[in-house]
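K.L.:
Model the structure of this input:
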Amino acid sequence: MSNPTLAVPAGWTTHPAVLAAHRLDRSGFDPGGSPAAVVFAESVADVAAVLAHAGATHTPVVVRGAGSGLSGGAVAGEGSIVLDLTRLDRIHEVSAADELAVVEAGVVTADLDAAAAAHGLRYAPDPASVAFSTIGGNIATNAGGLRCAKYGVTRDSVLGLDVVLADGRRIATGRRTVKGVAGYDLTSLFVGSEGTLGVIVGATVRLRPIPLRTATLAAWFADFEAAAAAAAAITAARLQPAVAELLDEVCLAALGDDRGGAFLLVQTDGFGAEAELDAVRAVVEPRAERVELGTDPERAEALLATRRAALPALERLGRVLVEDVAVPRSRLPEAVAAIGAISRRSGIRIATMAHAGDGNLHPILVLDPGRALDDEVWVTAGEVFTTALRLGGTLTGEHGVGLLKRRWLREELGDDVLGLQQDLKAVFDPHHLLNPGKAL
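P.N.:
Presented below is the predicted three-dimensional model:
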């Protein structure tokens, strides 16, 4: 950024308080250093101007939405430009006829869902950060959420994208149709790319009808392994609830809930919601200490709110390192037992919550206030990661690799696949200016 004749883009600020507010994401991971500037983009032209400036000055760019990421993917390194997209917050279209919406990247997920609801529709992905996370950030990390057991992750709801490439070109991928196989699937390539291939500025997303009926069950168990076994039994019974969420004893204690050693929340939806929940109850109740049904929408929403409140409750206990491994659903009980053993062996408290319907676990290392992410913490986290891989799983189900998991990525992908992905990165971003050092 040494060329004094090169005009800086609109929305540029170097105010220290703004730089500090945009330096980290919700992971709390701090690599040191500070960004050089923050740019609040208000149009696609602003985004293109930032990338032109970055290319001319060889300055790294970190794209940011709400900063709700948990893997260090939006952490801004020394001298970088933070490109804040939260002002790109317009919902351009909600088509009830085609069950889709056209939105900008800074639209808050809950706001899109509310706009869809006015047409009897909803946006299915619902991460725990739904009230403040943005669509662009959800797409960048391929976020999941509570309803992913039935409706899939963000990729399953993205039909097309508007992207500004590193060289300033603006492209549109995908289409408005549900089907389409013309050319390579660049839309899916950008989903989950963590801002390393281009800047997602807009999206065409799929909407789904709001279910006419829902039915909710909450169950408490003696311990987490029993709850995980019940969740696996639901899958084995060929049942597919919309929501299947687990909380362990540490999570329940943080929430002030002393009704058991683990909690399982299941919600079914559609015309047969009650009948399907009866089948779920038949599987769960023999294994549980206590079962409660959400017989009205308000009670059902209160039970869902319990799950959403778990992470904020843990954050009040101390510093948290939130992980998100995933394993085959049949091996969920093994994973839970192994994580418990890792916690006991290391002496580090690990709270675990899980999207049990798709095998996505969130082991959360709860550290004493002020404790750094020292070598012992990383060794413990590494044991969790390698356990997931040993069970046929993955390092990350929905949060992304970011900075936190790069050192283990080769172990999952292998040399050849990792090399191909690095080659792809070079095609889209030959000067490695887009979110450098993240994801790969």
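
K.L.:
and the worst-scoring helix or strand of the chain on mean pLDDT, which residues are buried?
P.N.:
Ranked by mean pLDDT, DSSP states H and E, the weakest helix or strand in the chain is helix 297-308, scoring a mean of 84. For helix 297-308, the neighbour count (16 or more other C-beta atoms under 10 Å) marks 300, 303-304, 306-308 as buried. Placement of C-beta: from N, CA and C, glycine included.

K.L.:
Kindly report the same for stretch 163-175.
P.N.:
Neighbour counts using 16+ other C-beta under 10 Å place 163-166, 170, 173-174 of stretch 163-175 among the buried residues.

K.L.:
Taking the residues you listed together, which two end up most distant?
P.N.:
By the measure C-beta to C-beta, 166 and 174 form the most distant pair in the buried residues of stretch 163-175, at 19.8 Å.

K.L.:
wait, what's in contact with residue 99?
P.N.:
By C-beta atoms under 8 Å, 6 or more residues apart in numbering, the residues touching residue 99 are 121, 206-209.

K.L.:
and those, which are buried?
P.N.:
Buried by 16+ other C-beta under 10 Å: 121, 206-207, out of the contacts of residue 99.

K.L.:
Make JSON lines out of those residues and add pLDDT and secondary structure.
P.N.:
JSON lines is the format used below for the buried ones among the contacts of residue 99 (pLDDT from 0 to 100; DSSP: H, G, I helix; E, B strand; the rest coil):
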{"residue": "121", "pLDDT": "98", "secondary structure": "strand"}
{"residue": "206", "pLDDT": "98", "secondary structure": "strand"}
{"residue": "207", "pLDDT": "98", "secondary structure": "coil"}
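
K.L.:
any idea what sits nearest the residue nearest the centre of the chain, other than its immediate chain neighbours?
P.N.:
What sits nearest the mean C-alpha location of the chain, by C-alpha atoms, centre = their mean, is residue 143, with 3.3 Å. The shortest distance from residue 143 to any non-neighbouring residue, by C-beta to C-beta, 6 or more residues apart in numbering, is to residue 127 (4.5 Å).

K.L.:
Just the element for that neighbour, please.
P.N.:
Using DSSP states H and E, residue 127 maps to neither a helix nor a strand.

K.L.:
That one and residue 109 touch, don't they?
P.N.:
Yes. Contact between residue 127 and residue 109 holds when scored by C-beta atoms under 8 Å: they sit 6.9 Å apart.

K.L.:
ok, these two, which is more surrounded?
P.N.:
residue 109 (27 against 23; other C-beta atoms under 10 Å).

K.L.:
residues contacting that one?
P.N.:
When contacts are counted by C-beta under 8 Å, 6+ apart, residue 109 touches 123, 125-127, 129-131, 133-135, 138.

K.L.:
Kindly recompute the last result at 10 Å.
P.N.:
Residue 109 makes contacts with 65-66, 68, 103, 123, 125-127, 129-135, 137-138, 143, 145, 154, as judged by C-beta atoms under 10 Å, 6 or more residues apart in numbering.

K.L.:
What's the per-residue pLDDT of it here?
P.N.:
pLDDT recorded at residue 109 is 97.

K.L.:
Can you pull the phi and psi angles for it?
P.N.:
phi -60, psi -40 (degrees, to the nearest 10).

K.L.:
how close does it sit to residue 268?
P.N.:
23 Å (C-beta to C-beta, to the nearest Å).

K.L.:
Double-check that residue 388 belongs to a helix.
P.N.:
Yes. Counting by DSSP: H, G, I helix; E, B strand; the rest coil, residue 388 is found in a helix.

K.L.:
mind giving me the domain split of this protein?
P.N.:
12-84, 91-209, 214-390 (automatic domain parsing).

K.L.:
how far does the last one stretch from start to finish?
P.N.:
Going back to what we said before, that points to domain 214-390. Length of domain 214-390, first residue to last, C-alpha to C-alpha, to the nearest Å: 37 Å.

K.L.:
one step back: pretty sure the residue nearest to residue 143 sits against residue 139.
P.N.:
No. If you go by C-beta atoms under 10 Å, residue 127 and residue 139 don't touch, sitting 11.5 Å apart.

K.L.:
on that earlier part again, I'd like the contacts of residue 99 laid out as TSV, including distance to residue 261.
P.N.:
Listed next are these as TSV, based on distance: C-beta to C-beta, whole Å:
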residue	distance to residue 261
121	39
206	39
207	39
208	35
209	38
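
K.L.:
which of the residues you listed sit farthest apart?
P.N.:
Longest distance between any two of the contacts of residue 99 is 11.4 Å, between 206 and 209; criterion C-beta to C-beta.

K.L.:
what residues do the two have in common as contacts?
P.N.:
Common contacts of residue 206 and residue 209 (C-beta under 10 Å, 6+ apart): 99, 121.

K.L.:
now do the same end-to-end measure for stretch 161-181.
P.N.:
Stretch 161-181 has its terminal residues 15 Å apart, counting by C-alpha to C-alpha.
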